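Colleague: sequence plus predicted model, see below.
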Amino acid sequence: MWMRRFLALFRKEFLQLRRDPGSLRLLFMLPVMQTMILGYAMTRDVKHIALSIVDLDRSAQSAALSHRLQTNGRFDFKGNQPSLEAVREELLAGRTLVAVAIPEGFAASTEGAIREQEAPERSTNVMIVVDGQDAATAGTAAAYASAIVSQWGTETFQKEMVGQGLDARSLQPFDARERMLFNPELEYSWYMVPGMIILLVTMAGALLTAFSIVRERETGTLEQLLVTPVQPLQILLGKTLPYWILSQLVFVIALSLPGRFYGVPLGNANVPGLALGVALYCLTVVSLGALVSTLVSSQQQALFLIWFALIFFILTSGFMLPFESMPGWMQTLTEGNAVRHFLYLVRALVLRGASPLALVPEYLKLAAIGIGFFTASVVLFRRKAP
Amino acid sequence: MNLLHLKSVARKEFRHVLRDKQTLFVILSLPLIMMFLFGYALKSEIEDARVVVIDPHPSDETRSLCRALDENRQFQLAAVETGGDPAKLLVQHRARALIELPVDYARRRDEAPLPIGFVYDGSDPATATTLRAALPAFFRTHFVGRNKLEATELVTTGTRFLYNPDQKSALFFVPGLMATILAMIGTLLTSVTVTREKELGTMTNLRLSSLSASEVIVGKLAPYFAIASAVGVFILLIGRLAFGVIPQGSVGLLAWTTALYLLVSLGIGLLISTIVQKQQHAMLLGLGITMMPTIMLSGFVFPRMSLPAPLYVLSCVVPATWYLQIVRGIVLKAATLKELWLPVLVLGGQALLLLGLASRRFGKEH
């Protein structure tokens, strides 16, 4: 009897969904299309850095350094400036991001130091001025410029130093052998696309669940349901289960279409491990929708609350910024953030080819959070129901 | 346009907003929470990145190296192993990087440079890029100290960060937050309020009353304009009180350019409401058109200069792109109209175009 009633509700929800092709289209199209288009935008890689150079030395050495900077692929050279004041104007107007100033006497002091067979009293200082508005971009751009300058210095002067019998070992005290695993070309899309899909699936899944409940409350049909012999738990299960299945389906489609489009190495992933993770996570998604539906009285409020919750979850999940950099209390706080665990799980399975056994803590936490959210929504729904 | 009519429509709309406690809560607490997160909890620099060391022949030398690594603020020693597959160890210890020391690390001192392997987890490119620079730098400092070499770097660099000398991300995100939240209020709230009246059928009542189309539009939009302005002031106030973000430039210029941006957002909202008939579709369309591009393409989170050409062109259509240049320019750089004429002009053009188009369509429906 219990099962029959539940199945009737379950079928009704599916029928209703089928009659509303607009919502279904949105549910499926939104994650796929947006990820396809915006996947390219999600890069913290810094390219096309607008560069200005002030060469106050005008020597062969400074010209060589200037040339090296201009021909580097990272920078877009915007021209030489006659003075530091002129550069400030450019920076203020936003026409340049990085300015490199080569001081007067640059060549003379470096060569003098080599001739004297000793380190210069003060090493020759090339000044890098950066528009620091965007701290992360500015830091990266400055690091690129700085690395090019030091590398050029090492290459140019090391030979001469050794020739002059100077100790050049501090320039290269060890022989670094570098390897980049899992994503050798450092493709940002590999890292960002799974995160983006999680964001959009959560948004669509939670919203549609919440909408389907709130709409029935708005039109009064929820009251009619509640006076029938069905229990609140059956109603909630009948409401959430269809969306639970759909969200998983959307996730799979969204991951395989744009994922393949961006060349994400999906073949590495352990399929049963991923499926279990998706199933557990989607439980949290639909429960979030159900939970929100008990707190609001209109669809607009549901949208705003879900959006609000999602922004909070995403920002503290390690989606864009490294997780370890958060203070300890914040890391403890985010143990309750399902997006964090699921994101870690998906990235580990897909990008690092991890075995599900190494991710048991993530599965357990996801299950606990999902069950917690669902229980909370049942309790609140019951309280609000009569 | 009758002022009395206008006032009664605006008052009714205002009451709608004030009665909706949940939405008000979200509108007011979202800036607070986001600013708190960006100010205190979220940083883009690396801290405590987990590093595994493969040390086939442990000695006092290598132990002191590991201790130094662990004590460094940027790194955290995840484990010391005597051998193994780097890929497996990275996954197992949840580490970002792995260092392979040579067997004869302790013995060799003065001869040719020691070979040291650096293995990075490239699955997070941003962190990998930073570590790729930071780990060898740590080793260089460590070796120079160990071998008592004189630091003889001939060409050094000094870096100065203008406009944000302490590299605080709050300074960057507060303006971005203004753009996002104002767009949300302007576009989402207006499109939803108009479509809701359509759904409930009260729009027909308004139509049948003696109100003209322009009175309905202005009366409906004015409260949202006022609320969004208040939220803008609120964001700037928190920025000032909690993070010391003080606008360097003219506050007057900031105020009227913000008003211009709000007009653009309201125009988009109104336009959406003339296209769709249902609240739900208005919301999803509003989210798709404004939220995602504002966050992804405007330069709020991801640097615009790295965008591929087609998306770069697309980002020029996003109003927030131009508004961000204005806000950041005024707040951080003390820029004036002389530097900002282009973004201001673009926003002005967008406001005219969108509001004109939306009112025409709205008038026809009316």
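Modeller: Right, received. Where do you want to start?
Colleague: could you use CA atoms for every contact and neighbour count after this?
Modeller: Fine.
Colleague: can you give me every residue that contacts A:F313?
Modeller: By Cα atoms under 8 Å, 6 or more residues apart in numbering or on different chains, A:F313 lies in contact with A:N337, A:A338, A:V339, A:R340.
Colleague: and it, how close does it get to A:G259?
Modeller: Distance of A:F313 to A:G259, computed by Cα to Cα, to the nearest Å: 23 Å.
Colleague: check B:R304 too.
Modeller: From B:R304 to A:G259 the distance is 23 Å (Cα to Cα).
Colleague: what count of nearby residues applies to the closest residue to B:D124 other than its chain neighbours?
Modeller: Distance criterion Cα to Cα, 6 or more residues apart in numbering or on different chains; nearest residue to B:D124, sequence neighbours excluded, is A:Y191 at 5.9 Å. Taking other Cα atoms under 10 Å in any protein chain shown as the criterion, the count of residues near A:Y191 is 25.
Colleague: all helices for chain A, in order.
Modeller: All helices of chain A, identified by DSSP state H, fall at A:2-19, A:21-38, A:60-71, A:84-92, A:106-115, A:135-163, A:188-219, A:221-227, A:232-261, A:271-295, A:299-315, A:328-333, A:338-351, A:360-384.
Colleague: among these, which is nearest B:S265?
Modeller: Set against B:S265 and scored by Cα to Cα, the helices of chain A come closest in helix A:299-315, at 17.2 Å.
Colleague: can you give me the buried ones in that closest one?
Modeller: Neighbour-count burial for helix A:299-315, counted by 16 or more other Cα atoms under 10 Å in any protein chain shown, picks out A:299-308, A:310-315.
Colleague: so how many other residues sit close to A:A142?
Modeller: A:A142: 27 surrounding residues under other Cα under 10 Å.
Colleague: nope, A:Q34 is what I was after
Modeller: Around A:Q34 there are 18 residues (other Cα under 10 Å).
Colleague: how close does the residue nearest to A:A376 when sequence neighbours are not counted get to chain B?
Modeller: Once flanking residues are discounted, A:A376 sits nearest to A:L291: 7.0 Å by Cα to Cα, 6+ apart. Using Cα to the nearest Cα, to the nearest Å, we find A:L291 at a distance of 14 Å from chain B.
Colleague: show me the contacts for A:L291.
Modeller: A:A210, A:F373, A:F374, A:A376, A:S377, A:V378, A:L380, A:F381.
Colleague: the residue of the stretch 251-386 of chain A found nearest chain B: what's it in contact with?
Modeller: Per Cα to the nearest Cα, A:S325 is where the stretch 251-386 of chain A lies closest to chain B, at 4.7 Å. Contact analysis of A:S325 by Cα under 8 Å, 6+ apart lists B:L42, B:K43, B:S44, B:E45, B:I46, B:E47, B:D48, B:A49.
Colleague: pLDDT at it, what is it?
Modeller: pLDDT recorded at A:S325 is 77.
Colleague: mind putting the contacts of A:L291 in CSV, pLDDT and neighbour count included?
Modeller: Formatted as CSV, those follow (pLDDT from 0 to 100; neighbours: other Cα atoms under 10 Å in any protein chain shown):
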residue, pLDDT, neighbour count
A:A210, 90, 28
A:F373, 93, 21
A:F374, 93, 24
A:A376, 93, 16
A:S377, 91, 24
A:V378, 90, 22
A:L380, 90, 17
A:F381, 86, 20
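Colleague: pick out the most distant pair among the residues you listed.
Modeller: Largest separation among the contacts of A:L291 by Cα to Cα: A:A210 and A:A376, giving 14.5 Å.
Colleague: what's the local residue count around whatever residue of the stretch 201-350 of chain B ends up closest to chain A?
Modeller: Residue nearest to chain A within the stretch 201-350 of chain B (Cα to the nearest Cα): B:S306, separated by 4.9 Å. Residues within reach of B:S306, counting by other Cα under 10 Å, total 20.
Colleague: quickly list what residue 54 is bridged to.
Modeller: Chain wasn't specified; assuming chain A. A:A101 (DSSP bridges).
Colleague: think we crossed wires, I meant chain B
Modeller: Per DSSP bridges, the residues bridged to B:I54 are B:E81, B:E100.
Colleague: low pLDDT regions in the stretch 101-250 of chain A?
Modeller: Counting by pLDDT under 70, the stretch 101-250 of chain A contains low-confidence residues at A:113-124, A:158-174.
Colleague: please redo it, this time with the cut-off set to 80
Modeller: For the stretch 101-250 of chain A, the stretches with pLDDT under 80 are A:108-125, A:132-136, A:150, A:153-179, A:181, A:184-186, A:230.
Colleague: for the stretch 151-300 of chain B, same thing?
Modeller: B:151-177, B:203-204, B:206-212, B:242-245, B:280, B:284, B:287-288, B:291-292.
Colleague: quick one: the helices in it?
Modeller: With DSSP state H, counting those that start in this stretch as the criterion, the stretch 151-300 of chain B has helices at B:169-183, B:190-200, B:202-208, B:213-243, B:251-275, B:279-286, B:292-296.
Colleague: near chain A, anything from the shortest one?
Modeller: Yes - judged by Cα under 8 Å from any Cα of the partner chain, helix B:292-296 and chain A are in contact via B:M296.
Colleague: list of residues touching the helix or strand just after that helix?
Modeller: As assigned by DSSP states H and E, the chain's next helix or strand after helix B:292-296 is helix B:309-315. Defining contact as Cα under 8 Å, 6+ apart, one finds that helix B:309-315 is touched by A:Y40, A:A41, B:P293, B:L297, B:S298, B:R304, B:M305, B:T321.
Colleague: how much space separates the closest residue to the fourth one other than its chain neighbours from B:M292?
Modeller: Using Cα to Cα, 6+ apart and skipping residues adjacent in sequence, the residue nearest B:L297 is B:S315, 5.4 Å away. Using Cα to Cα, we find B:S315 at a distance of 11 Å from B:M292.
Colleague: of these two, who's got more company?
Modeller: Shown here are B:S315 and B:M292; by other Cα under 10 Å, B:S315 has more neighbours (22 against 15).
Colleague: ok, and the closest non-adjacent residue to A:L349?
Modeller: Using Cα to Cα, 6+ apart and skipping the chain neighbours, the partner closest in space to A:L349 is A:A269 (5.0 Å).
Colleague: and the one you found, what does it touch?
Modeller: A:L349, A:V350, A:L351, A:G353, A:A354.
Colleague: then A:N337?
Modeller: By Cα under 8 Å, 6+ apart, A:N337 lies in contact with A:F313, A:T316, A:S317, A:I369.
Colleague: near the last one, how many other residues are there?
Modeller: Spelled out, it's A:I369. A:I369 has 21 nearby residues by other Cα under 10 Å.
Colleague: my read: it touches A:H341, true?
Modeller: No - using Cα atoms under 8 Å, A:I369 is not in contact with A:H341, being 10.0 Å away.
Colleague: skipping adjacent residues, who's closest to B:G363 in space?
Modeller: Take B:G363 and drop its neighbours on the chain: the residue closest to it by Cα to Cα, 6+ apart is B:A213, 5.5 Å away.
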